[in-house]
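> Structural data only, the sequence is not supplied:
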């Protein structure tokens, strides 16, 4: 589709979610955003080493990272960056991420007029135009810091169409022993070799296969017992990490949702094709890993005090 065709189609479907609209029209989500290039959509430098220090100046913000099956939304403060095993780690107040800068390729500063006022966001995409991470301003964000971010990162060339390419970088380096390898690197390394992580896990006698409903059980039991969780999910370019207790667990059709004041998780239970209990969390902690039908990692969950009681009774496959 040409940018003009995208704009015309969007005008006919203004309420559709951006990702759903893009998928239904066979275009990358970034193509939809770029098609509206102008005063309200500005192409900016995507390098996280430049972008994220400026995001710290926004003050309170909402960090959103999603893949095909799970969305995490966390309000908090962006923090400093540090190099860590070939990736960048960001630790702020409530917001924590592991970042592979190779996948931060396209970025846009977006201002969307609404009846309730302007909605501002920074949206980052990979080489193929798939969303990597989004920063949404909230009521207490500093709008003047957003303006500075746009001014400092604005690209010289502003066009309504950008080139896309297949995502080429392989997985970042990691330890050889699968127990020491984070689940996202384990899945990525096997995928690069033409293998599926769920197949490898299912063949290991020390790994316990769980039923898909175990993810709902896990969230509900952790909420009831106030067990702190560590939830990791996202994309190859950004793994967003939540640490804390969850309280309000709401099913809605094939979604299971955490709907707490500063943290939301939306998980598609119909995408849960492989769920496993492993012992490769921090310091050998028990971890639940969830994969989709293509063998892609959806998210992982581990926990603090009381976690072993939560996972002990999860439904076995």
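Looks like it arrived, so ask away. All figures in this text were calculated on a predicted structure; none of them were measured in a lab. Numbering: from 1, shown residues only.
> for residue 25, phi and psi?
phi -110, psi 10 (degrees, to the nearest 10).
> ok, it to residue 2 distance?
Distance of residue 25 to residue 2, computed by CB to CB, to the nearest Å: 12 Å. To be clear about C-beta, it is placed using only N, CA and C from the backbone, and glycine gets the same treatment.
> What of residue 184?
For residue 184 relative to residue 2 (CB to CB), the value is 36 Å.
> higher neighbour count, these two?
residue 184 (25 against 11; other CB atoms under 10 Å).
> Double-check that that one belongs to a helix.
Yes: assessed by DSSP: H, G, I helix; E, B strand; the rest coil, residue 184 belongs to a helix.
> okay but it is in contact with residue 296, surely?
No: with contacts counted by CB atoms under 8 Å, residue 184 stays clear of residue 296, the gap being 9.9 Å.
> Mean pLDDT per helix and strand in this protein: which one sits at the bottom?
helix 183-192 (a mean of 83; mean pLDDT, DSSP states H and E).
> for that helix, packing partners?
helix 197-202, strand 229-234, strand 287-291, strand 297-303 (3 or more CB pairs under 8 Å, 6 or more residues apart in numbering; DSSP states H and E).
> Is it possible to get TSV of those that adds mean neighbour count?
Listed next are those as TSV, based on neighbours: other CB atoms under 10 Å:
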stretch	mean neighbour count
helix 197-202	19
strand 229-234	23
strand 287-291	25
strand 297-303	24
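> Identify whichever of the ones you listed lies nearest to residue 143.
strand 229-234 (26.9 Å; CB to CB).
> So which residues make contact with that closest one?
65-67, 70, 72, 97, 133, 183-184, 222, 239-246, 265, 281-282, 298-304, 307 (CB atoms under 8 Å, 6 or more residues apart in numbering).
> now the angle from that strand to strand 287-291?
30 degrees (axes from the mean of the first three to the mean of the last three CA atoms, to 10 degrees).
> quick one: strand 229-234 to strand 297-303, angle?
170 degrees.
> What is the subsequent helix or strand relative to strand 229-234?
For strand 229-234, the succeeding helix or strand toward the C-terminus, using DSSP states H and E, is strand 238-244.
> Quick check: buried residues in that next one?
Residues of strand 238-244 classed as buried: 238-242 (neighbour count, 16 or more other CB atoms under 10 Å).
> Please pull up the helix or strand immediately following it.
Taking DSSP H and E, what comes next after strand 238-244 is strand 249-252.
> can you tell me the average pLDDT over that following strand?
Throughout strand 249-252, pLDDT has a mean value of 97.
> In space, what's closest to residue 44 - neighbours in sequence excluded?
Among residues not flanking residue 44 along the chain, residue 153 sits closest, at 3.8 Å (CB to CB, 6 or more residues apart in numbering).
> Run through the strands of the stretch 51-200 of the chain in chain order.
Using DSSP state E, counting those that start in this stretch, the strands found in the stretch 51-200 of the chain span residues 61-66, 70-76, 81-84, 87-91, 96-99, 106-112, 119-125, 131-137.
> out of those strands, nearest to residue 256?
strand 70-76 (9.9 Å).
> packing partners for the closest one?
Strand 70-76 packs on strand 61-66, strand 229-234, strand 238-244, strand 263-268, going by 3+ CB pairs under 8 Å, 6+ apart.
> what sits up against it?
So strand 70-76 is contacted by 60-66, 92-95, 138, 231, 233-234, 240, 242, 261-268, 298-299 (CB under 8 Å, 6+ apart).
> out of those, which are buried?
60-66, 92, 94-95, 231, 233-234, 240, 242, 263-268, 298-299.
> For the stretch 201-317 of the chain, give me the ranges with low pLDDT.
Scanning the stretch 201-317 of the chain for pLDDT under 70 picks out the ranges 281-284.
> for the stretch 51-200 of the chain, same thing?
168-180.
> Please report the distance of residue 229 from residue 90.
Residue 229 is 20 Å from residue 90, by CB to CB.
> Also residue 24?
33 Å.
> and if you look at residue 127?
21 Å.
> Can you pick out the residue with more neighbours from the two?
Neighbours were tallied for residue 127 and for residue 90 using other CB under 10 Å; the higher tally belongs to residue 90 (23 against 20).
> The more buried one: what's its closest spatial neighbour, skipping adjacent residues?
residue 97 (4.6 Å).
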